[in-house]
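Peer 1: Using only what follows, build the 3D model:
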Amino acid sequence: MSNPTHLQYTKEHEWLTAADADGVSTVGITKHAADALGDIVYVQLPEVGESVTAGETCGELESTKSVSDLYSPATGEIVEINQAVIDDPALVNGEPFEGAWLFKLKVEATDELLDAEAYTAFTTGG
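Peer 2: Just a heads-up that it's a prediction; the model follows:
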């Protein structure tokens, strides 16, 4: 699966949409990360209203293989979480770029982000 070109990516394998008119972006993890983790069985997300910092840990994804930290690709305030992935963590494996977004935040600043081409090169060693 190719990485959607309309998203930006982190080296920790999160993706971020461009901000909407209200300055809100959506965050998820990439297919590369979901595949590397294996079957995800538990998702811990930040709370609505919580402030997160770009590049800092803001949650966890637990799989049958390991536990992995979730990093925020941007600094801002959490405005919504995806309850569907908390209720059914396996969605993250099946729909990492569609229905399995993790949270939305009002972006104040972003960390260094990669475009789809740079992220693909990063993950393939290209």
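Peer 1: longest helix in this structure, by residue count?
Peer 2: Criterion DSSP state H: the longest helix present in the chain is helix 116-124.
Peer 1: which other helices and strands contact that helix?
Peer 2: When contacts are defined as 3 or more C-beta pairs under 8 Å, 6 or more residues apart in numbering; DSSP states H and E, helix 116-124 packs onto strand 8-9. No exception for glycine: its C-beta is placed from N, CA and C like everyone else's.
Peer 1: Packing partners of the strand it packs on?
Peer 2: Contacts defined by 3+ C-beta pairs under 8 Å, 6+ apart place strand 8-9 against strand 14-16, helix 116-124.
Peer 1: any idea how far residue 125 is from residue 57?
Peer 2: From residue 57 over to residue 125 the distance is 26 Å, taken as C-beta to C-beta, to the nearest Å.
Peer 1: Look at the two and report which has more neighbours.
Peer 2: With other C-beta atoms under 10 Å as the criterion, residue 57 and residue 125 differ in neighbour count, and residue 57 comes out ahead with 13 against 5.
Peer 1: which SSE is the residue nearest in space to the middle of the chain in?
Peer 2: In the chain, the residue lying closest to the centroid (C-alpha atoms, centre = their mean) is residue 28, at 2.5 Å. For residue 28, the enclosing helix or strand under DSSP states H and E is strand 24-29.
Peer 1: just the CA coordinates of that strand, formatted as CSV?
Peer 2: The C-alpha trace of strand 24-29 is given here as CSV (Å, rounded to 0.1, in the frame of the first residue of the first chain):
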residue,chain,number,x,y,z
VAL,A,24,-8.0,21.0,13.5
SER,A,25,-5.9,18.1,12.1
THR,A,26,-6.5,14.3,12.3
VAL,A,27,-3.8,11.9,13.5
GLY,A,28,-3.3,8.2,13.0
ILE,A,29,-0.6,5.6,12.5
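Peer 1: This completes my enquiry, with thanks.
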